[in-house]
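> Take a look and give me a structure for this.
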Amino acid sequence: MLNQGNLFLAITFWVLISATLIQIFYYLYFYLAVHLYRPEASNNLQPVSVIICARNEAENLRRFLPAVLEQKYPEYEVIVVNDCSEDNSYEVLGQYLLKYPHLKVSTINKDPKFTHNKKLAQFIGIKASKNELLLFTDADCTPDSDKWLEGMASKFDDRTTFVLGYGGYFREKGLLNSFIRYDSMTIAMQYLGMAIRGIPYMGVGRNLAYRRSLFFANKGYGVHNQLASGDDDLIVNSNATDANTVVQFSIGTHTRSVPAHSVNEFLKQKKRHYTTAPHYKLRDKILLMTEPASRIILYASFTVLLINLYLWPYILTVFGLRLIIQTTVFILISKKLDERGIVPVSLFFDIFSPVIYSVIYISKPGSKSGRNRWK
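The predicted structure follows:
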(Lines give C-alpha, C1' and ligand atoms only; values in the text may rest on other atoms or scores of the structure.)
Protein backbone atom coordinates (compact mmCIF):
# COMPACT_ATOMS: atom_id res chain seq x y z
CA MET A 1 0.00 0.00 0.00
CA LEU A 2 1.31 3.44 -0.98
CA ASN A 3 2.09 5.93 1.76
CA GLN A 4 1.09 9.54 1.33
CA GLY A 5 4.46 10.61 -0.08
CA ASN A 6 4.53 7.87 -2.71
CA LEU A 7 0.90 8.51 -3.61
CA PHE A 8 1.65 12.17 -4.17
CA LEU A 9 4.61 11.31 -6.41
CA ALA A 10 2.56 8.73 -8.33
CA ILE A 11 -0.15 11.30 -9.00
CA THR A 12 2.49 13.86 -9.97
CA PHE A 13 3.97 11.35 -12.42
CA TRP A 14 0.65 10.95 -14.24
CA VAL A 15 0.16 14.71 -14.18
CA LEU A 16 3.53 14.98 -15.94
CA ILE A 17 2.44 12.42 -18.55
CA SER A 18 -0.83 14.27 -19.18
CA ALA A 19 0.85 17.67 -19.49
CA THR A 20 3.46 16.22 -21.85
CA LEU A 21 0.78 14.69 -24.09
CA ILE A 22 -1.00 18.06 -24.28
CA GLN A 23 2.28 19.75 -25.22
CA ILE A 24 3.08 17.18 -27.89
CA PHE A 25 -0.43 17.61 -29.32
CA TYR A 26 0.03 21.38 -29.67
CA TYR A 27 3.44 21.01 -31.28
CA LEU A 28 2.53 18.25 -33.74
CA TYR A 29 -1.02 19.33 -34.61
CA PHE A 30 -0.96 23.14 -34.54
CA TYR A 31 2.65 24.33 -34.67
CA LEU A 32 4.09 21.77 -37.09
CA ALA A 33 1.26 22.68 -39.47
CA VAL A 34 3.11 25.95 -40.15
CA HIS A 35 6.08 24.00 -41.49
CA LEU A 36 3.96 21.50 -43.42
CA TYR A 37 1.72 24.13 -45.03
CA ARG A 38 2.04 24.33 -48.81
CA PRO A 39 0.28 27.38 -50.26
CA GLU A 40 -1.59 27.21 -53.53
CA ALA A 41 -0.20 29.41 -56.30
CA SER A 42 -2.42 32.23 -57.59
CA ASN A 43 -2.07 35.07 -60.07
CA ASN A 44 -5.32 36.81 -59.16
CA LEU A 45 -3.89 40.30 -58.59
CA GLN A 46 -6.71 42.72 -57.82
CA PRO A 47 -6.27 46.41 -56.94
CA VAL A 48 -5.23 46.93 -53.32
CA SER A 49 -5.30 49.78 -50.80
CA VAL A 50 -2.45 49.74 -48.28
CA ILE A 51 -3.38 51.58 -45.07
CA ILE A 52 -0.84 52.92 -42.56
CA CYS A 53 -1.72 54.93 -39.47
CA ALA A 54 1.05 57.17 -38.14
CA ARG A 55 1.35 59.37 -35.07
CA ASN A 56 4.68 61.18 -34.64
CA GLU A 57 6.40 58.71 -36.94
CA ALA A 58 8.42 61.10 -39.13
CA GLU A 59 11.69 59.16 -38.92
CA ASN A 60 10.02 55.79 -39.44
CA LEU A 61 8.07 57.14 -42.41
CA ARG A 62 11.29 58.47 -43.90
CA ARG A 63 13.02 55.10 -43.44
CA PHE A 64 10.29 52.60 -44.26
CA LEU A 65 7.54 54.16 -46.38
CA PRO A 66 9.52 54.01 -49.67
CA ALA A 67 9.67 50.20 -49.40
CA VAL A 68 5.86 50.15 -49.35
CA LEU A 69 5.54 52.72 -52.14
CA GLU A 70 7.96 50.83 -54.41
CA GLN A 71 6.28 47.44 -54.41
CA LYS A 72 6.20 45.55 -57.70
CA TYR A 73 2.45 45.41 -58.14
CA PRO A 74 0.25 46.47 -61.06
CA GLU A 75 -2.36 48.63 -59.30
CA TYR A 76 -2.38 49.86 -55.70
CA GLU A 77 -2.65 52.94 -53.53
CA VAL A 78 -1.01 53.73 -50.20
CA ILE A 79 -3.04 55.72 -47.69
CA VAL A 80 -1.18 57.19 -44.72
CA VAL A 81 -3.36 58.61 -41.96
CA ASN A 82 -1.30 61.30 -40.23
CA ASP A 83 -2.97 61.20 -36.84
CA CYS A 84 -2.35 64.32 -34.76
CA SER A 85 1.40 64.24 -35.34
CA GLU A 86 3.44 66.97 -33.70
CA ASP A 87 6.75 66.19 -35.40
CA ASN A 88 7.64 66.86 -39.04
CA SER A 89 5.58 63.96 -40.43
CA TYR A 90 3.62 66.35 -42.65
CA GLU A 91 6.83 67.58 -44.32
CA VAL A 92 8.12 64.04 -44.87
CA LEU A 93 4.82 62.95 -46.38
CA GLY A 94 4.71 66.10 -48.50
CA GLN A 95 8.03 65.15 -50.11
CA TYR A 96 6.77 61.67 -50.90
CA LEU A 97 3.49 63.02 -52.31
CA LEU A 98 5.50 64.81 -54.98
CA LYS A 99 7.37 61.65 -55.92
CA TYR A 100 4.71 58.92 -55.66
CA PRO A 101 1.34 59.59 -57.32
CA HIS A 102 -0.26 56.52 -55.73
CA LEU A 103 0.31 57.93 -52.22
CA LYS A 104 -2.60 59.58 -50.43
CA VAL A 105 -2.48 61.33 -47.06
CA SER A 106 -5.37 61.89 -44.68
CA THR A 107 -4.70 64.20 -41.73
CA ILE A 108 -6.40 64.26 -38.33
CA ASN A 109 -5.77 67.56 -36.57
CA LYS A 110 -5.29 67.58 -32.83
CA ASP A 111 -8.27 68.81 -30.82
CA PRO A 112 -7.79 69.26 -27.04
CA LYS A 113 -11.52 68.69 -26.56
CA PHE A 114 -11.56 65.37 -28.39
CA THR A 115 -9.30 62.39 -27.86
CA HIS A 116 -9.39 59.16 -29.82
CA ASN A 117 -7.55 55.90 -30.36
CA LYS A 118 -6.14 54.13 -33.41
CA LYS A 119 -9.52 52.84 -34.52
CA LEU A 120 -10.60 56.30 -35.67
CA ALA A 121 -7.44 56.64 -37.76
CA GLN A 122 -8.05 53.18 -39.22
CA PHE A 123 -11.64 54.10 -40.04
CA ILE A 124 -10.57 57.27 -41.84
CA GLY A 125 -8.00 55.31 -43.84
CA ILE A 126 -10.56 52.66 -44.80
CA LYS A 127 -13.12 55.34 -45.69
CA ALA A 128 -10.56 57.05 -47.95
CA SER A 129 -9.66 53.82 -49.75
CA LYS A 130 -11.06 53.09 -53.19
CA ASN A 131 -10.31 49.37 -53.44
CA GLU A 132 -12.06 46.31 -52.03
CA LEU A 133 -8.87 44.66 -50.81
CA LEU A 134 -7.22 46.35 -47.83
CA LEU A 135 -3.71 45.57 -46.58
CA PHE A 136 -2.62 46.95 -43.21
CA THR A 137 0.82 47.59 -41.78
CA ASP A 138 2.40 50.10 -39.39
CA ALA A 139 4.60 53.15 -39.91
CA ASP A 140 7.51 51.46 -38.13
CA CYS A 141 7.28 48.39 -40.37
CA THR A 142 8.98 47.53 -43.62
CA PRO A 143 8.24 44.69 -46.04
CA ASP A 144 10.89 42.01 -46.41
CA SER A 145 10.81 42.40 -50.20
CA ASP A 146 9.17 44.25 -53.08
CA LYS A 147 6.96 41.16 -53.57
CA TRP A 148 5.21 41.59 -50.21
CA LEU A 149 2.10 43.17 -51.67
CA GLU A 150 1.87 40.62 -54.46
CA GLY A 151 2.27 37.74 -52.02
CA MET A 152 -0.49 38.95 -49.70
CA ALA A 153 -2.93 40.03 -52.42
CA SER A 154 -2.51 36.85 -54.46
CA LYS A 155 -4.13 34.83 -51.68
CA PHE A 156 -7.53 36.44 -52.27
CA ASP A 157 -10.16 34.61 -54.28
CA ASP A 158 -13.96 34.81 -54.28
CA ARG A 159 -14.16 32.92 -50.97
CA THR A 160 -11.41 34.78 -49.10
CA THR A 161 -12.13 37.56 -46.64
CA PHE A 162 -8.98 37.48 -44.49
CA VAL A 163 -5.31 36.90 -45.26
CA LEU A 164 -3.14 36.52 -42.15
CA GLY A 165 0.52 37.42 -42.64
CA TYR A 166 3.61 37.31 -40.46
CA GLY A 167 5.00 40.41 -38.81
CA GLY A 168 8.36 39.95 -37.12
CA TYR A 169 10.87 42.36 -35.58
CA PHE A 170 14.31 43.55 -36.59
CA ARG A 171 17.16 41.48 -35.19
CA GLU A 172 19.29 43.47 -32.77
CA LYS A 173 21.71 42.72 -29.96
CA GLY A 174 20.55 41.94 -26.45
CA LEU A 175 18.41 39.51 -24.48
CA LEU A 176 15.31 41.73 -24.71
CA ASN A 177 15.43 41.70 -28.50
CA SER A 178 15.79 37.91 -28.50
CA PHE A 179 12.76 37.61 -26.24
CA ILE A 180 10.67 39.97 -28.37
CA ARG A 181 11.49 37.95 -31.48
CA TYR A 182 10.80 34.69 -29.64
CA ASP A 183 7.48 36.13 -28.47
CA SER A 184 6.56 37.19 -32.00
CA MET A 185 7.50 33.82 -33.49
CA THR A 186 5.65 31.73 -30.91
CA ILE A 187 2.51 33.86 -31.25
CA ALA A 188 2.73 33.34 -35.01
CA MET A 189 3.07 29.59 -34.46
CA GLN A 190 -0.25 29.78 -32.65
CA TYR A 191 -2.36 32.00 -34.89
CA LEU A 192 -0.99 30.66 -38.18
CA GLY A 193 -1.11 27.04 -37.05
CA MET A 194 -4.63 27.35 -35.67
CA ALA A 195 -5.81 29.10 -38.84
CA ILE A 196 -4.34 26.31 -40.98
CA ARG A 197 -6.23 23.81 -38.81
CA GLY A 198 -9.46 25.71 -39.37
CA ILE A 199 -9.53 27.76 -36.14
CA PRO A 200 -8.49 31.32 -37.07
CA TYR A 201 -8.57 33.50 -33.98
CA MET A 202 -6.38 36.57 -34.62
CA GLY A 203 -4.07 38.44 -36.95
CA VAL A 204 -1.46 41.14 -36.42
CA GLY A 205 -1.97 44.64 -37.73
CA ARG A 206 1.62 44.75 -38.93
CA ASN A 207 0.67 42.40 -41.77
CA LEU A 208 -3.04 41.76 -42.22
CA ALA A 209 -5.41 41.97 -45.18
CA TYR A 210 -9.19 41.84 -45.41
CA ARG A 211 -12.09 43.09 -47.53
CA ARG A 212 -13.43 46.62 -47.27
CA SER A 213 -16.98 45.33 -47.63
CA LEU A 214 -16.55 43.18 -44.53
CA PHE A 215 -15.56 46.22 -42.48
CA PHE A 216 -18.66 48.21 -43.39
CA ALA A 217 -21.03 45.24 -43.27
CA ASN A 218 -19.73 44.70 -39.73
CA LYS A 219 -20.40 48.38 -38.88
CA GLY A 220 -16.73 49.03 -38.38
CA TYR A 221 -15.37 47.02 -35.48
CA GLY A 222 -18.84 45.83 -34.49
CA VAL A 223 -19.42 45.19 -30.80
CA HIS A 224 -15.77 46.10 -30.10
CA ASN A 225 -16.01 49.67 -31.44
CA GLN A 226 -15.77 51.08 -27.91
CA LEU A 227 -12.52 49.30 -27.03
CA ALA A 228 -9.23 51.18 -27.26
CA SER A 229 -7.51 48.22 -28.92
CA GLY A 230 -8.50 45.25 -31.06
CA ASP A 231 -8.36 46.93 -34.46
CA ASP A 232 -6.61 43.81 -35.77
CA ASP A 233 -7.09 40.70 -33.64
CA LEU A 234 -10.72 41.24 -32.62
CA ILE A 235 -12.00 41.91 -36.13
CA VAL A 236 -10.42 38.58 -37.10
CA ASN A 237 -11.69 36.79 -33.99
CA SER A 238 -15.25 38.00 -34.60
CA ASN A 239 -15.46 37.35 -38.34
CA ALA A 240 -12.83 34.85 -39.51
CA THR A 241 -13.86 31.28 -40.30
CA ASP A 242 -12.27 28.19 -41.74
CA ALA A 243 -13.95 28.96 -45.08
CA ASN A 244 -13.02 32.65 -45.44
CA THR A 245 -9.47 32.79 -44.00
CA VAL A 246 -6.10 31.89 -45.48
CA VAL A 247 -2.52 32.44 -44.36
CA GLN A 248 0.53 33.79 -46.18
CA PHE A 249 4.01 33.59 -44.69
CA SER A 250 6.21 32.72 -47.64
CA ILE A 251 9.68 34.27 -47.59
CA GLY A 252 9.41 37.81 -48.93
CA THR A 253 5.87 38.39 -47.62
CA HIS A 254 6.87 39.12 -44.01
CA THR A 255 7.14 42.56 -42.46
CA ARG A 256 9.73 43.65 -39.90
CA SER A 257 9.05 46.21 -37.18
CA VAL A 258 11.14 48.31 -34.85
CA PRO A 259 11.24 46.43 -31.51
CA ALA A 260 10.85 47.91 -28.06
CA HIS A 261 14.20 49.03 -26.67
CA SER A 262 13.31 48.92 -22.98
CA VAL A 263 11.55 46.45 -20.74
CA ASN A 264 9.04 49.12 -19.73
CA GLU A 265 8.14 49.84 -23.35
CA PHE A 266 7.71 46.13 -24.09
CA LEU A 267 5.52 45.62 -21.01
CA LYS A 268 3.26 48.52 -22.02
CA GLN A 269 2.81 47.00 -25.48
CA LYS A 270 2.01 43.56 -24.07
CA LYS A 271 -0.46 44.96 -21.55
CA ARG A 272 -2.26 46.79 -24.32
CA HIS A 273 -2.42 43.67 -26.45
CA TYR A 274 -3.77 41.64 -23.55
CA THR A 275 -6.73 44.00 -23.06
CA THR A 276 -8.40 42.31 -26.03
CA ALA A 277 -7.97 38.71 -24.81
CA PRO A 278 -11.11 38.68 -22.58
CA HIS A 279 -13.19 39.44 -25.70
CA TYR A 280 -12.03 36.37 -27.63
CA LYS A 281 -14.42 33.48 -28.26
CA LEU A 282 -14.57 31.01 -25.37
CA ARG A 283 -13.17 28.24 -27.58
CA ASP A 284 -10.13 30.34 -28.42
CA LYS A 285 -9.53 31.39 -24.82
CA ILE A 286 -9.54 27.76 -23.72
CA LEU A 287 -7.13 26.72 -26.47
CA LEU A 288 -4.79 29.64 -25.78
CA MET A 289 -4.74 29.10 -22.01
CA THR A 290 -4.32 25.33 -22.13
CA GLU A 291 -0.88 25.32 -23.74
CA PRO A 292 0.96 27.64 -21.30
CA ALA A 293 -0.90 26.10 -18.35
CA SER A 294 0.20 22.61 -19.38
CA ARG A 295 3.74 23.92 -19.82
CA ILE A 296 3.86 25.30 -16.28
CA ILE A 297 2.47 22.02 -14.95
CA LEU A 298 5.00 20.04 -16.99
CA TYR A 299 8.01 21.93 -15.65
CA ALA A 300 6.70 21.95 -12.07
CA SER A 301 5.89 18.22 -11.98
CA PHE A 302 9.17 17.34 -13.69
CA THR A 303 11.12 19.31 -11.08
CA VAL A 304 9.29 17.67 -8.16
CA LEU A 305 9.79 14.16 -9.55
CA LEU A 306 13.45 14.70 -10.43
CA ILE A 307 14.28 16.10 -6.99
CA ASN A 308 12.77 12.97 -5.46
CA LEU A 309 14.38 10.70 -8.09
CA TYR A 310 10.96 9.15 -8.64
CA LEU A 311 11.07 6.86 -11.70
CA TRP A 312 13.78 9.20 -12.94
CA PRO A 313 14.71 7.17 -16.08
CA TYR A 314 11.09 7.38 -17.22
CA ILE A 315 10.59 11.05 -16.46
CA LEU A 316 13.84 11.92 -18.25
CA THR A 317 12.65 9.92 -21.26
CA VAL A 318 9.27 11.67 -21.27
CA PHE A 319 10.83 15.09 -20.83
CA GLY A 320 13.46 14.35 -23.47
CA LEU A 321 10.84 13.26 -26.00
CA ARG A 322 8.95 16.51 -25.60
CA LEU A 323 12.21 18.49 -25.80
CA ILE A 324 13.22 16.77 -29.06
CA ILE A 325 9.82 17.45 -30.63
CA GLN A 326 9.84 21.04 -29.40
CA THR A 327 13.36 21.79 -30.64
CA THR A 328 12.70 20.17 -34.02
CA VAL A 329 9.53 22.21 -34.55
CA PHE A 330 11.30 25.40 -33.44
CA ILE A 331 14.13 24.80 -35.91
CA LEU A 332 11.71 24.15 -38.78
CA ILE A 333 9.52 27.18 -38.07
CA SER A 334 12.41 29.56 -37.40
CA LYS A 335 13.62 28.76 -40.92
CA LYS A 336 10.12 29.18 -42.34
CA LEU A 337 9.69 32.59 -40.71
CA ASP A 338 13.33 33.60 -41.21
CA GLU A 339 13.98 34.06 -37.48
CA ARG A 340 17.65 33.29 -37.06
CA GLY A 341 19.19 32.89 -33.62
CA ILE A 342 15.95 32.10 -31.77
CA VAL A 343 16.37 28.36 -31.22
CA PRO A 344 19.43 28.50 -28.87
CA VAL A 345 17.56 30.67 -26.36
CA SER A 346 14.11 29.19 -26.91
CA LEU A 347 14.34 26.62 -24.09
CA PHE A 348 15.24 29.29 -21.54
CA PHE A 349 12.35 31.49 -22.68
CA ASP A 350 10.01 28.49 -22.89
CA ILE A 351 10.46 27.84 -19.17
CA PHE A 352 9.91 31.37 -17.91
CA SER A 353 7.61 32.99 -20.49
CA PRO A 354 4.31 31.53 -19.13
CA VAL A 355 5.05 33.05 -15.73
CA ILE A 356 6.04 36.39 -17.30
CA TYR A 357 2.89 36.46 -19.45
CA SER A 358 0.69 35.53 -16.49
CA VAL A 359 2.07 38.42 -14.40
CA ILE A 360 1.57 40.86 -17.29
CA TYR A 361 -1.96 39.60 -17.95
CA ILE A 362 -3.22 39.87 -14.38
CA SER A 363 -1.67 43.33 -13.87
CA LYS A 364 -4.30 45.52 -15.48
CA PRO A 365 -3.06 48.64 -17.31
CA GLY A 366 -3.94 52.00 -15.87
CA SER A 367 -7.00 53.67 -17.29
CA LYS A 368 -5.07 56.58 -18.73
CA SER A 369 -2.41 54.50 -20.47
CA GLY A 370 -4.95 52.13 -21.94
CA ARG A 371 -7.51 54.63 -23.16
CA ASN A 372 -5.83 56.50 -25.99
CA ARG A 373 -2.53 54.76 -26.63
CA TRP A 374 -2.67 52.91 -29.92
CA LYS A 375 0.91 51.62 -30.23
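> all strands for this structure, in order.
In the chain, the strands defined using DSSP state E lie at 48-54, 76-83, 103-108, 133-138, 141-143, 162-165, 167-169, 208-211, 245-248, 255-257.
> What mean pLDDT does stretch 349-356 get?
For stretch 349-356, mean pLDDT rounds to 90.
> gap between residue 177 and residue 100?
32 Å (Cβ to Cβ, to the nearest Å). In this view, the C-beta of every residue, glycine as well, is placed from N, C-alpha and C.
> meant to ask about residue 204
For residue 204, the distance to residue 100 (Cβ to Cβ) stands at 26 Å.
> what about these two, which has more around it?
Between residue 204 and residue 100, counted using other Cβ atoms under 10 Å, residue 204 has the larger neighbour count: 24 against 16.
> pLDDT value on that one, please?
pLDDT recorded at residue 204 is 96.
> For it, which non-adjacent residue is spatially closest?
Distance criterion Cβ to Cβ, 6 or more residues apart in numbering; nearest residue to residue 204, sequence neighbours excluded, is residue 167 at 4.7 Å.
> Would you agree that neighbour is in contact with residue 192?
No: counting by Cβ atoms under 8 Å, residue 167 stays clear of residue 192, with 11.3 Å between them.
> So for stretch 311-324, what gets flagged as buried?
Within stretch 311-324, the residues that count as buried by 16 or more other Cβ atoms under 10 Å are 315, 318, 319, 322.
> Turn those into JSON lines, including distance to residue 259 and pLDDT.
As requested, those are exported to JSON lines (distance: Cβ to Cβ, whole Å; pLDDT from 0 to 100):
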{"residue": "315", "distance to residue 259": "37", "pLDDT": "97"}
{"residue": "318", "distance to residue 259": "36", "pLDDT": "97"}
{"residue": "319", "distance to residue 259": "32", "pLDDT": "97"}
{"residue": "322", "distance to residue 259": "29", "pLDDT": "97"}
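> quick one: which of these is nearest to residue 12?
Taking Cβ to Cβ as the measure, residue 12 lies nearest residue 315 of the buried residues of stretch 311-324, at 9.5 Å.
> Hmm, residue 305 and that closest one touching each other?
Yes: the criterion here is Cβ under 8 Å, and residue 315 meets it with residue 305 at 4.9 Å.
> Next, show the common contact partners of those two.
The contact sets of residue 315 and residue 305 overlap at 13, 16 (Cβ atoms under 8 Å, 6 or more residues apart in numbering).
> Turn the strands of the chain into a markdown table, including mean neighbour count, distance to residue 17 and mean pLDDT.
Formatted as a markdown table, the strands of the chain follow (neighbours: other Cβ atoms under 10 Å; distance: least, Cβ to Cβ, whole Å; pLDDT from 0 to 100):
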| stretch | mean neighbour count | distance to residue 17 | mean pLDDT |
| --- | --- | --- | --- |
| strand 48-54 | 26 | 48 | 97 |
| strand 76-83 | 24 | 52 | 97 |
| strand 103-108 | 17 | 56 | 95 |
| strand 133-138 | 24 | 43 | 98 |
| strand 141-143 | 24 | 43 | 98 |
| strand 162-165 | 26 | 34 | 98 |
| strand 167-169 | 23 | 35 | 97 |
| strand 208-211 | 24 | 39 | 98 |
| strand 245-248 | 23 | 33 | 98 |
| strand 255-257 | 23 | 40 | 98 |
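> Turn these into CSV, columns for distance to residue 221.
Compiled in CSV, the strands of the chain are given as follows (distance: least, Cβ to Cβ, whole Å):
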stretch, distance to residue 221
strand 48-54, 14
strand 76-83, 16
strand 103-108, 17
strand 133-138, 13
strand 141-143, 21
strand 162-165, 14
strand 167-169, 20
strand 208-211, 12
strand 245-248, 17
strand 255-257, 22
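> Between the ones you listed, which one is closest to residue 23.
strand 245-248 (22.9 Å).
> For residue 141, give me its contacts.
Neighbouring residues of residue 141 by Cβ under 8 Å, 6+ apart: 64, 167, 206, 207, 255, 256, 257.
> Tell me the spatial nearest neighbour of the first one, not counting adjacent residues.
Leaving aside its sequence neighbours, residue 64 sits nearest to residue 142 (Cβ to Cβ, 6+ apart; 4.1 Å).
> The one you found and residue 256 touch, don't they?
Yes: counting by Cβ under 8 Å, residue 256 is a contact partner of residue 142 at 5.7 Å.
> quick one: the helices in the chain?
4-25, 32-36, 58-69, 89-99, 118-128, 148-153, 175-196, 212-217, 233-239, 263-274, 282-307, 312-336, 343-362, 367-371 (DSSP state H).
> Quick one: closest of the ones you listed to residue 79.
Using Cβ to Cβ, the nearest of these to residue 79 is helix 118-128, at 4.9 Å.
> quick one: the closest one to strand 76-83, angle?
Relative orientation of helix 118-128 versus strand 76-83 (axes from the mean of the first three to the mean of the last three Cα atoms, to 10 degrees): 140 degrees.
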